[in-house]
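A.B. asks: next one to model:
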Amino acid sequence: MSRKTMKIQDIAAPSARSIAIGPFGSNLKAELYTPSGVPVVRGQNIKASPYLDEEDLVFVSPETAEKLSSSMLNEGDLVFPHRGAIGRVGLVGKKRMLLSSSMMKLTVDPAKADPKYVLYYFRGPGERELLMRASTVGTPGIGQPLTSLRGISIELPELEQQQAIAEVLGALDDKIAANTKLAATFESLGTAKLQALGINAEPEAGFVTLDTLFDFNPRRTPASDTVTLIDMQALPTSEPLVGTWSEGPKKGGTRFMNGDTLLARITPCLENRKTGFVDFLDDGQVGIGSTEFIVMRSREGLPLGLSYFVATSSRFRDFAIQNMVGTSGRQRVAAADIARFEFNPIESTDLVEFGSWADTNLRLLGSLRTENKTLAATRDALLPQLMSGKLRVKEAEALVSAAV
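C.D. replies: Next comes the predicted model:
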């Protein structure tokens, strides 16, 4: 398989600003953000998926976007942070977007390179470090000028081969994305089901409090000196299950078990909806989380998954946020305060029916999470082999077919 080495500037599209930086910060201040409009790409929108994540977008008005039209992005453009999270790279989907001040873009000449191949090239082990090493003063994260990006070399097989490699790796990422979308669908459906039971209705006479359904921060003792640990970064903001954890020595913090819901109690994590359901421990195993978590567990006789959806319901979250106390920037809510959240009584049979539905689907999401980890591991193993030419596309296709 023939290969050639080219610089990024040589595979850029011949159009003006095919390699460009976002607008100056003074031209795109936070006060220009609007509730809707043209989405703005920031570093946090580059995640594991090849395409930019749309969960945490900010927006500007079409009028502002028009003034900054030279920083607009189109489908197939690659985006890189030029400061902060240097080393990441993402691909623009079908939605038109605007570069933020901390980002730069590359529009690839489709006659020379496949944009998705270029993305996977920079995501490969070693190759992603090219971006880090090209930062201005040799210190990762300080800042990367456009001249550094232009001068980076990339190895390219024939265009048809590039497209085939990108298609193979993309099939794995597409399956991961489909599984992730199922989690989002489950989240929306569960929220609607609980809403129908009246959890968000204003309480009337005869209301009950949340401590009739859940225990808060129950006492547990880990059986081993080495335990499963979850930090604040691991708590998700838009899906139910915790996706990452680690092992380490026993220490102080909240104790949790399978079936618990972990709720961030400190600003801004509470406002950002950091909440996760625990389902990956062995029976009876006790893990340790951040001291800034509140643990919620369904009382005996109630399905365990109920706690997650109550913890993410809108009126409960508003109540928790309103009951935060402390100095500015370090406000917290106490477990005792959220335990007195008031709601109208819900028939126990309805709670059990809803919770059983939640438990069944949480188990399904757990299996999808496991599948996604396997798919990602397969992709990461194939990527360097395909990029180096050590593995033929036909051989990789057979492995991918078995995985998806």
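A.B. asks: C-alpha from now on. contacts and neighbour counts both.
C.D. replies: Fine.
A.B. asks: ends of stretch 66-80, how far apart?
C.D. replies: Length of stretch 66-80, first residue to last, CA to CA, to the nearest Å: 22 Å.
A.B. asks: cool, stretch 201-220 as well?
C.D. replies: 34 Å.
A.B. asks: lowest-scoring secondary structure element of the chain by mean pLDDT?
C.D. replies: helix 128-133 (a mean of 60; mean pLDDT, DSSP states H and E).
A.B. asks: tell me how many other residues surround the residue nearest to Asp225 when sequence neighbours are not counted.
C.D. replies: Using CA to CA, 6 or more residues apart in numbering and skipping residues adjacent in sequence, the residue nearest Asp225 is Lys250, 5.1 Å away. Look at Lys250: counted by other CA atoms under 10 Å, it has 16 neighbours.
A.B. asks: now Lys250: how far from Phe293?
C.D. replies: Counting by CA to CA - Lys250 and Phe293 are separated by 17 Å.
A.B. asks: was I right about Arg83 contacting Ser101?
C.D. replies: No: taking contacts as CA atoms under 8 Å, Arg83 lies outside contact range of Ser101: 9.5 Å.
A.B. asks: which SS state does the nearest residue to Ser70 once chain neighbours are set aside fall under?
C.D. replies: Excluding the flanking residues, the one nearest Ser70 by CA to CA, 6+ apart is Arg17, at 7.4 Å. Secondary structure for Arg17, judged by DSSP: H, G, I helix; E, B strand; the rest coil, is coil.
A.B. asks: repeat for Arg255
C.D. replies: strand.
A.B. asks: read off the pLDDT value for it.
C.D. replies: Looking at Arg255, its pLDDT reads 96.
A.B. asks: list the contacts of it.
C.D. replies: 217-221, 286-289, 295 (CA atoms under 8 Å, 6 or more residues apart in numbering).
A.B. asks: check what pLDDT the closest residue to Arg317 other than its chain neighbours gets.
C.D. replies: Spatial nearest neighbour of Arg317, chain neighbours left out: Ala311 (6.9 Å); criterion: CA to CA, 6+ apart. pLDDT for Ala311: 95.
A.B. asks: ok, now how distant is Ala311 from Phe214?
C.D. replies: From Ala311 to Phe214 the distance is 11 Å (CA to CA).
A.B. asks: likewise Glu66?
C.D. replies: 51 Å.
A.B. asks: swap in Asp174?
C.D. replies: With CA to CA as the criterion, Asp174 and Phe214 are 38 Å apart.
A.B. asks: more neighbours, the two?
C.D. replies: Between Asp174 and Phe214, counting by other CA under 10 Å, Phe214 is the more crowded of the two (21 against 15).
A.B. asks: just give the nearest non-adjacent residue to that one, would you?
C.D. replies: Ser298 is the one closest to Phe214 (CA to CA, 6+ apart), at 4.5 Å.
A.B. asks: my guess is the one you found contacts Leu304. True?
C.D. replies: Yes: counting by CA under 8 Å, Leu304 is a contact partner of Ser298 at 5.3 Å.
A.B. asks: assign the residue positioned nearest the centre of the chain to helix, strand or coil.
C.D. replies: Geometric centre of the chain, nearest residue: Lys47, 6.2 Å, by CA atoms, centre = their mean. When classified by three-state DSSP, Lys47 comes out as coil.
A.B. asks: most neighbours among the contacts of Arg255, which one is it?
C.D. replies: Gly287 (27 neighbours).
A.B. asks: so who does the residue nearest to that one when sequence neighbours are not counted touch?
C.D. replies: Counting by CA to CA, 6+ apart, Gly287 lies nearest to Thr228, which is 4.8 Å off, once chain neighbours are set aside. Contacts here follow CA under 8 Å, 6+ apart; on that basis Thr228 touches 245-248, 286-288.
A.B. asks: now Thr228: phi and psi?
C.D. replies: phi -80, psi 130 (degrees, to the nearest 10).
A.B. asks: give me the pLDDT value at it.
C.D. replies: 96.
A.B. asks: ok, it to Met296 distance?
C.D. replies: Thr228 is 18 Å from Met296, by CA to CA.
A.B. asks: check Ser18 too.
C.D. replies: With CA to CA as the criterion, Ser18 and Met296 are 51 Å apart.
A.B. asks: which of these two has more residues huddled nearby?
C.D. replies: Met296 (28 against 18).
A.B. asks: so what does the longest helix anywhere in the chain touch, helix or strand wise?
C.D. replies: When the chain is parsed with DSSP state H, its longest helix is helix 348-388. Contact analysis of helix 348-388 by 3 or more CA pairs under 8 Å, 6 or more residues apart in numbering; DSSP states H and E lists helix 159-196, helix 306-311, helix 393-403 as its packing neighbours.
A.B. asks: just the angle between the next helix or strand after the shortest one and helix 159-196, please?
C.D. replies: This points to helix 306-311. Scanning forward in sequence from helix 306-311 by DSSP states H and E, the next helix or strand is helix 314-322. Interaxial angle, helix 314-322 versus helix 159-196 (axes from the mean of the first three to the mean of the last three CA atoms, to 10 degrees): 90 degrees.
A.B. asks: which SSE is immediately downstream of helix 314-322?
C.D. replies: Following helix 314-322 in sequence, per DSSP H and E, is helix 335-338.
A.B. asks: mind giving me the packing neighbours of that next one?
C.D. replies: In terms of contacts (3+ CA pairs under 8 Å, 6+ apart), helix 335-338 is packed against helix 314-322.
A.B. asks: contacts for the helix it packs on next, please.
C.D. replies: 199-200, 270-271, 310-311, 333, 337-338, 341.
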